[in-house]
Structures are given as structure tokens and as C-alpha cells.
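# When you get a sec, could you give me coordinates for this:
(chains A and B)
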Amino acid sequence: MDPLQEVLRQVTGYIYPNEVELHWGLLVVVYPYLTGLVAGAFILASLVRIFDVKEVQPTYRLALLTALAYLIVAPLALLLHLGHPERSFEIFLTPNFHSAMAMFGFVYAWYLMVVLLLEIWLDYRKDMVLWAKKETGLLRWTHLLLTLGATDLSPNSLRFDRSASRFITLIGIPSAFLLHGYVGFIFGSVKANPWWSSVLIPVVFLFSAIVSGIALMLLIYFLSTLLRGKPVDMPCMDKLASFLFYALVVDFSLEMLDFIHRLYEAEESIHILSQLVFSRLFLSLIILQAFLGTVVPLILLGSVSPALRRKGILNLPEELRRLLYAGAAILIQIGIFSTRWNVVIGGQLFSKSLRGLTTYKMQLMGLEGLLTSGFLLLLPILVLLLLIHILPPWEESEQHVETPAGD
Amino acid sequence: MTQQSSRLLLVAAVLIVGLGTARHFLVPKTFGQRGHYRAAAVDAIEKLPIRYAGREACALCHTEIVAMHSKARHQSVSCEVCHGPAAAHTESPADIKPPAPRTRGYCPLCHGYDPTRPTGFPQIDPVTHNPVKACISCHNPHAPEPPHTPEECGACHGQIARSKAVSRHAQLACVQCHNTPEKHKVTPRLVHPEKPRDREFCGSCHAQDARSPKEILRIDMQSHNARYLCWQCHYPHQPEGD
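Numbering: from 1, shown residues only, chains lettered A, B, ... in the order given. Modelled structure (predicted):
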């Protein structure tokens, strides 16, 4: 069959020739999903440091390491999508102040170097020095190297660690907001695309990031505790579930606000966008994002967690409660991934003529394919395992009961 | 100053000096002179061999063709769009001849049917439009005639026309069965011709009491599958034999 004819079979209505094929594929969906998890995990960590939420202390270090693991992997999605990863450093050598995407490299570097690495270093320095004294071999040298030679454990020095770490977290919150708000900004500022162009997009991205980050930490904390054969800290799980519920309420409200605003404004694009939602995006938006990813977790968390009533509306036993939390967290992950899909892929499925729709055909193999994206979603977990091996996040939380860390 | 601060400052200094050093060695010297790019790239591009001669160069020798072409409908299509880069030909006209596309593959790049092309742009279906014949055997690419409405249905419906030509219905004109609005010839996909809607239409030749030559096959319209239209079973463009 004529290749053109084959392609045209996927098209409905009138579209321009260069719109048949999508330019941003699955890897560009994976990227905002991963950065969202970074920002969300960090904001959860800041709850402990800045807002002094004692219950979620067991997740503090784990959240920092998770944020780092996901932050390391996230740019890989972009590098694979763009090709020529060896040229990527040039955005730092020749900064272009007129390009939002180029400047984002600096936001990313700032967040990695100044916020995340610094906070982890300050938090772990004391432990690394102590570990290095007991250890031998490669791990000892790794820990010694990571202390950068700062082995002073005097009370003054430890006080500096704590206050500096608190200060970094304080900078970190707006930085995390900036990191993911910026990802939303990239989409929201594309004024030619009515699906993207909205000032609400950065805010919606940010809150969906917080939702996905807390849900991920709930899952990782739950699974890691089970795998280590330790008792699950239920007040921590309850608090995480409550925060997840609050964040989800805000996220859902913002999305509905965006939706109602578009509907009431009823710009000329409204017809094609409603066609898009009810045909191409029906499964990923209505079923996965809105119903399974938002409404069901809202009902689950609202009725089971202590967010609305101290013992939860249903007052379920602990075992069932944490299973339901984990279930809600998994559904939220699917929902947030669908959100990214609907933004990135959805925004390219309709024609600028506003009179036709195309189709996204996902590849299986190849750089832009399903397997690569699956690998990129798995890779942060592997990086996290390595980080946990070098910087175990558990000991601090176990010692915390005996030695009052905190300020 | 605490030990940590001094170590962190050291790391920061290493990074800043490293970035500065990398910038010194890796950023091309001419970067940023004229804009956010390497200015020397312009000189490098300037030195590339020139492959295209431009329409003016063609006009120096091919005066008649260029005169014809510049008034015709392809006037905005430059010579080298079809004939390829011709700078070498202008250097040694006798030795290097630019190619001319003579096969059917080339013209449909612009004139093959594609719904995303503007309405009114001359488009054909390369499969059914006079198969095998080279485009230039009918169309003069230097002065193509404006598209005219097809005189025969076979211009587009070639496959049907060829089947019908060897069938028992060969003598029937297409419009005898298909009521065809004039506009179908101009906007074939928007305005469609009709098909016979009742049995009586075929019956006007094939019914027992039809006033048609007696060699024509007769059918008892009352008893012969009265609930169906004739063309639901019989393909009228090549009806079954005896």
C-alpha cells in the first residue's frame, strides 16, 4: 500500500501534512513524569525539615535519595529523544537567555547541585564519617571520599550541618516548585496550542507532581519496609495518606478549574478538544486519569485515611488500611502518568486547523519505543538501590528514637 | 569558617574554574560575534561548492522554454526543482546534462491525490489515472494546461471502464445508470453520482415485458428475489455471461 495512504487511514478530518506524525513521543511523556516525582519526593522531605511533621520522619532520607535517583535518570529521556547526548553540555557553555528550554538546564543543575546533593551531603556527613571508621574496603573509601575530607564531628560542626541543611531545604522548596513549574511552563507557554496554552498548566503540573511524589514515597516506604521485614510505621503511613488526600483534592480542584474555565470560555478550539477528549483520549483521560487515577483514590483515601476523621470514616484494621493506601498510590501513579500522556500526546493529536485528528502509533523497539521508556521507568529504582547501598537511609530513622536528631 | 564550608567552597571553586576552563577551550572563538551561533560557520558555509545555478542562468541559453515557462502555470516552480542542481551544467553545458524526470513517479509528488492539499489544486490518483503512460506524453511540464473536467468517466474510474468495455454492458454509457451531477467532475469527493435505486430501472431492459431487443436476458421481476435490488447480486459493470 502507498505509505501516504496508510498514514492517511489514521487521520480523521482535515489536518496539515506535517501534523500526521507526532514529534514528541513516549520519551517526552516519561520526562515530566520523572521530574514530577523528583519535585514531589523533595517536597515531602521538606515537610519533615521545615514544617516539622514528625510522623513522616522515616521517609525523610528515603525521599531525598529517591528524588536524587529520579533526578539522575530524568534527563536521559530528553537526551535519548533529542539524540547527540554528547552535545548536551553545550547549553551550559553557551547559555542562551532567550530560550526557556536552555535556561531550564540551569534550573536543573541548580536543583541537582545546590539543593539535592548539598542537602544529602549535609544530612549524611556525620554518618559517613562514623561509617568510614567502622568499615573496610571500597565502601570505606567511598564514604571517605564523599565526606570531601570534612570529618569534623564537633558539636559546632554538627550544629552547622543542621542549620545549613534547614536553610537548603528552605531554598529547596521554591526550587522544587521552580523545577516542575518550569516543566509546566514549557507546555503552558506554547501559545499556538490551545490544549497546552494556559497559565494554570504550571500550577497543575506542580500539584500533580506533589501528588505523584507523595504516592511514590508511600509505595517505596511500604515496600522497602516489608522487604526488610520491619514493622510498618502506621502513623507515618496514615500521615502520608492524609497528605496525599489533601494534595489530590487541590490537584483535582485545579484540574476541574482548568476544565470549567475552558468550557465556559468556549474558544474556537473547544469543538476539536471535546472531540479529542471523547475519542482519542477517552481511555487515558476519562477512564485512567479522571476515574481510576483521581476519583477512586480520592474515595479510597477519603474514607480510609485519617484525613477527614481521626480514625478514618470506615475505621479499617491496619493491614487492610495500608493495602488500600498502596492500591490508591498505584492508581495515582497510573493516573499521573496518564496526565503526562494526555498533555504531551494529546496536545499533538489535533490539527492546528482545528478540523482534524491524527493518531499516535507507539513503537515497541528503538530509542523512542516502549521498551526504552519502560527501562527508563525502571532505571531510577536501580539507581535508588545503589544509593541505598552506599547511603543507607534506615539507620538514622531507627536511631532517631534514642538520639534526638532534629533542631 | 567551618570545615564543611571550606570544603564546599573548594568544590564550588573547582566547578566554576572547570566551567570557565571548559568555556575557554570548547567554545569556538567566533561564537557570539553576530548572534547566538558560531560566526565562522557562515564563512564555512560560504566556501561550500555552489550546486544550483538559478533560473536566470537557464534563461541565458534556453530562451524559448523559459519564455514559455514564465507565463505558464508552473512559473513559480523553478527549473531546478524538476531538473536538479544545474551549476555544473552551466560550467560545461556539453559534458554535463541535467536530468529530466520522464517517469510517472515524479509528478505525483505534487499532483498525487492528498486530501490535505488545497481545494482546486490539480490532483490525480496515480494508480487509476491512465496507468503506465508517462505524464509528459500528455502534459507539457513547461506549460501545463489548466485542469479540465474529464471528458470520460474512465479518466478516473479506469478499472471500472476497462471491465465494462469487455462486458455485455459495453455499449451502455455510464450516465445511463448513474445520474451524475456536473459538479462531480470538479469536486468528485464532495458530490457523488447516483446509483439505480429500484428494480424497475434494470427491469426497463430486463423485465419480461420490457421494450428492448429480444437478445437481452429477461427476468420475471415478480418471482426473482423481489426483496433485493438487482446490483446487490449482479455486478452491473461486468454482468455474468449467458
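# mind checking the SS state of residue A:149?
coil (DSSP: H, G, I helix; E, B strand; the rest coil).
# Phi and psi next, for it.
The phi/psi pair for residue A:149 (degrees, to the nearest 10) reads phi 80, psi 0.
# if I pick it, what's in contact with it?
By C-beta atoms under 8 Å, 6 or more residues apart in numbering or on different chains, the contact set of residue A:149 is B:3, B:7. In this view, the C-beta of every residue, glycine as well, is placed from N, C-alpha and C.
# confidence score at it?
Per-residue pLDDT puts residue A:149 at 89.
# That one and residue B:36, how far apart?
In this structure, residue A:149 and residue B:36 are 40 Å apart, going by C-beta to C-beta, to the nearest Å.
# Near chain A, which residues of chain B are found?
B:2-8, B:10-11, B:15, B:19, B:22-23, B:26-27, B:31-32, B:36, B:112, B:114-116 (C-beta under 8 Å from any C-beta of the partner chain).
# go with 6 Å
Residues of chain B lying close to chain A by C-beta under 6 Å from any C-beta of the partner chain are B:2, B:3, B:4, B:7, B:23, B:26, B:27, B:36, B:116.
# burial measure for the fifth one, as a count.
Residues lying near residue B:23 (other C-beta atoms under 10 Å in any protein chain shown) number 14.
# Tell me the pLDDT of it.
pLDDT, residue B:23: 93.
# Excluding chain neighbours, what is closest to it?
Nearest residue to residue B:23, sequence neighbours excluded (C-beta to C-beta, 6 or more residues apart in numbering or on different chains): residue A:93, at 5.3 Å.
# Could you check how far that neighbour is from residue B:27?
Per C-beta to C-beta, residue A:93 is found 5 Å from residue B:27.
# same question, residue A:65
Using C-beta to C-beta, residue A:65 is found at 35 Å from residue B:27.
# what's the single longest helix in chain B?
helix B:3-26 (DSSP state H).
# so where's the stretch 251-400 of chain A uncertain?
A:395-400 (pLDDT under 70).
# Mind telling me which residue of it is nearest chain B?
Relative to chain B, the nearest point of the stretch 251-400 of chain A is residue A:356 (8.6 Å; C-beta to the nearest C-beta).
# what's next to the helix or strand of chain B with the lowest mean pLDDT, contact-wise?
Between all helices and strands in chain B, the lowest mean by mean pLDDT, DSSP states H and E belongs to helix B:158-165, at a mean of 86. With C-beta atoms under 6 Å, 6 or more residues apart in numbering or on different chains as the test, helix B:158-165 has contacts from B:128, B:154, B:237, B:238.
# List the residues that contact residue A:31.
If you count contacts by C-beta under 6 Å, 6+ apart, then residue A:31 has A:77, A:78 around it.
# Flag every residue of the stretch 201-350 of chain A that's near chain B.
Counting by C-beta under 6 Å from any C-beta, no residue of the stretch 201-350 of chain A sits close to chain B.
# follow-up on the earlier one: which one of the contacts of helix B:158-165 sits in the busiest neighbourhood?
residue B:237 leads the contacts of helix B:158-165 on contacts (other C-beta under 10 Å) with 19 neighbours.
# The stretch 301-407 of chain A: helices as residue ranges?
Along the stretch 301-407 of chain A, counting by DSSP state H, counting those that start in this stretch, helices occupy A:318-344, A:370-390, A:394-399.
# wait, residue A:190 sits on residue A:196?
Yes - contact criterion C-beta atoms under 6 Å: residue A:190 and residue A:196 qualify, at 4.7 Å.
# Mind checking which of these two has more residues around it?
residue A:196 (19 against 13).
# for that one, what are its contacts?
Contacts of residue A:196 (C-beta under 6 Å, 6+ apart): A:187, A:190, A:347.
# Give me the three-state assignment for it.
coil.
# out of the helices of the stretch 301-407 of chain A, deepest packed?
helix A:318-344 (a mean of 21; mean count of other C-beta atoms under 10 Å in any protein chain shown).
# What is it packed up against?
Contacts defined by 3 or more C-beta pairs under 6 Å, 6 or more residues apart in numbering or on different chains; DSSP states H and E place helix A:318-344 against helix A:26-49, helix A:200-227, helix A:234-265, helix A:296-304.
# Okay, residue A:274 and residue A:41: tell me how far apart.
If you go by C-beta to C-beta, the gap between residue A:274 and residue A:41 works out to 35 Å.
# out of these two, which sits in the more crowded spot?
residue A:41 (31 against 13).
# State the distance from the more buried one to residue A:256.
From residue A:41 to residue A:256 the distance is 26 Å (C-beta to C-beta).
# Low-confidence ranges, chain B, go.
B:146-149, B:241-242.
# just the strands in it please.
Assigned strands in chain B: none (criterion: DSSP state E).
# Point to the residue nearest the middle of it.
residue B:112 (1.8 Å; C-alpha atoms, centre = their mean).
# check contacts around that one.
Contacts of residue B:112 by C-beta under 6 Å, 6+ apart are residue B:126.
# now residue A:179
A:39, A:111.
# which element is it on?
Element membership for residue A:179, per DSSP states H and E: helix A:155-188.
# In that helix, which residues are buried?
For helix A:155-188, a neighbour-count test (16 or more other C-beta atoms under 10 Å in any protein chain shown) marks A:157, A:160-162, A:164-165, A:168-169, A:172-173, A:175-188 as buried.
# angle of that helix against helix A:318-344?
Counting by axes from the mean of the first three to the mean of the last three C-alpha atoms, to 10 degrees, helix A:155-188 lies at 50 degrees to helix A:318-344.
# Tell me the gap between helix A:155-188 and the middle of its chain.
Helix A:155-188 sits 16 Å away from the centroid of its parent chain (C-alpha atoms, centre = their mean, to the nearest Å).
# same deal with stretch A:369-387?
That offset, for stretch A:369-387, works out to 14 Å (C-alpha atoms, centre = their mean).
# One more: stretch B:125-139?
12 Å.
# dump the residue contacts of residue A:322.
A:232, A:237.
# repeat that for 8 Å
A:222, A:232, A:234, A:237 are the contacts of residue A:322 under C-beta under 8 Å, 6+ apart.
# and those residues, which two are the farthest apart?
A:222 and A:234 (10.7 Å; C-beta to C-beta).
# Comparing these two, which residue is more hemmed in?
Taking other C-beta under 10 Å, residue A:222 and residue A:234 do not tie; residue A:222 has more neighbours (20 against 14).
# Wait, that one touches residue A:325, no?
Yes - between residue A:222 and residue A:325 there is a contact under C-beta atoms under 8 Å: 7.2 Å.
# list the residues that contact both of the two?
Common neighbours of residue A:222 and residue A:325 (C-beta under 8 Å, 6+ apart) are residue A:237.
# just checking, residue A:183 touches residue A:205?
Yes - between residue A:183 and residue A:205 there is a contact at 5.8 Å, judged by C-beta under 8 Å.
# Between the two, which contacts overlap?
The contact lists of residue A:183 and residue A:205 share A:32, A:36, where a contact means C-beta under 8 Å, 6+ apart.
# Close to chain B: what parts of the stretch 51-200 of chain A are there?
Residues of the stretch 51-200 of chain A found near chain B (C-beta under 8 Å from any C-beta) are A:89-90, A:92-94, A:96, A:98, A:113, A:118, A:122, A:125, A:148-152, A:156-157, A:160-161, A:164.
# Got a quick PyMOL command for the buried subset of these?
To isolate the buried members of these in PyMOL, using 16+ other C-beta under 10 Å:
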select buried, chain A and resi 90+94+118+122+125+148+150+151+152+157+160+161+164
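# What about residue A:55, how many residues nearby?
18.
# What's the separation between residue A:291 and residue A:170?
38 Å.
# repeat for residue A:383
Distance from residue A:383 to residue A:170, by C-beta to C-beta: 27 Å.
# for residue A:52, same thing?
Distance from residue A:52 to residue A:170, by C-beta to C-beta: 13 Å.
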